[in-house]
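[1] Whatever this is, show me its structure:
(chains A and B)
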Amino acid sequence: MDFVILSIVMLSIGIYGLLTKRHLLKVFISIELIAIGATFNFVTLASAMGKGLGEAFLILAFSTDTAVSAVILALLVIVSKKYGTSDVSEILKIAEEKGETEAEI
Amino acid sequence: MILEILSVGLIISACLALFLDEAVYSVAALAGTFLFTALLYVLNGAVFVAIFQFAVGVGTLAILFLSGEMLSDKPTKKTSLKSTAALIGVGVVLSLPAIFISVSGVASSGADVTFGDALWNLNGLDVVLQGLVILMVAVGTAIVLYQKRSGGK
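    This next block holds a predicted model:
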């Protein structure tokens, strides 16, 4: 049983979802899976440098993870309300019809 | 044995969270992913991290996900039982390398630092406070974005 390989598998699933999924909620879930893989690797390798220090740094990781999640969720709600859909390709299509650039979205 | 079962459950719930079409089921699978992760943290000896995972992950994020799901559009097609079983099979296959393959070379250096020492003597508390500041910035950004959405356009 190796936790490093487990975290690599979680990271791979998250990256695959980030590259292939078009729904904003699935993109959000993919980012969360990547964060879980990273923190899991941190927990595993924390034993190499002292568990207490690793756990203290992990609290920072969880704080930033929560912050990123809050910002992404706010953007998800705003975009889905503005365009009436959560599909990235449909949002881009609607924005093109309105004459908006990607920076204005 | 229980570590292997939890790791298989973690991979399966991650696959289900990503590939199920219904958003509610997907969010429920993600909550399961958080739960399995926290249990693996406990069994790995990181009890404080597991408590944070429970508090932040299962509590706050699940509520955030559900509120976000309510505001997003509903999918038209539903995941069949056959594809759900296929997803579970893929999850089991993906978790096999973690069970049977071992990466050597990660050895303990013997630096036995306790959680209290890390917080007070090794400036871990400073890092935690920085994390809280970043969290406050994120909450402020979310509030500003919400006010902009409800006030304008």
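
[2] which stretches of the chain aren't confidently modelled?
    I'll assume chain A. Applying pLDDT under 70 to chain A flags the ranges A:1, A:47-51, A:101-105.

[3] should've been chain B
    Using pLDDT under 70, chain B drops low at B:58-79, B:101-113, B:115-124, B:145-153.

[4] If you count contacts, what does the longest helix seen in chain B end up packed against?
    Secondary structure of chain B read by DSSP state H shows that its longest helix is helix B:124-151. Other elements packing on helix B:124-151 under the criterion 3 or more Cβ pairs under 8 Å, 6 or more residues apart in numbering or on different chains; DSSP states H and E are helix A:51-83, helix B:115-120. For every residue, glycine as well, the C-beta is placed using N, CA and C.

[5] gap between the residue nearest the centre of chain A and A:Val68?
    Nearest residue to the geometric centre of chain A (Cα atoms, centre = their mean): A:Ile31, 1.5 Å. When Cβ to Cβ, to the nearest Å is the yardstick, A:Ile31 and A:Val68 sit 7 Å from each other.

[6] same deal with A:Lys81?
    A:Lys81 is 21 Å from A:Val68, by Cβ to Cβ.

[7] Show me how chain B divides into domains.
    B:1-102, B:114-153 (automatic domain parsing).

[8] All the helices of chain B, residue numbers only.
    Using DSSP H, helices in chain B cover B:2-19, B:23-43, B:47-52, B:62-71, B:81-100, B:115-120, B:124-151.

[9] Let's have these in CSV, adding mean neighbour count and distance to A:Lys98.
    Converted to CSV, the helices of chain B look like this (neighbours: other Cβ atoms under 10 Å in any protein chain shown; distance: least, Cβ to Cβ, whole Å):
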stretch, mean neighbour count, distance to A:Lys98
helix B:2-19, 21, 31
helix B:23-43, 20, 26
helix B:47-52, 19, 43
helix B:62-71, 16, 21
helix B:81-100, 15, 36
helix B:115-120, 17, 51
helix B:124-151, 14, 17
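
[10] Quick check: the residue nearest to the centre of chain A is in a helix.
    Yes: checked against DSSP: H, G, I helix; E, B strand; the rest coil, A:Ile31 lies within a helix.
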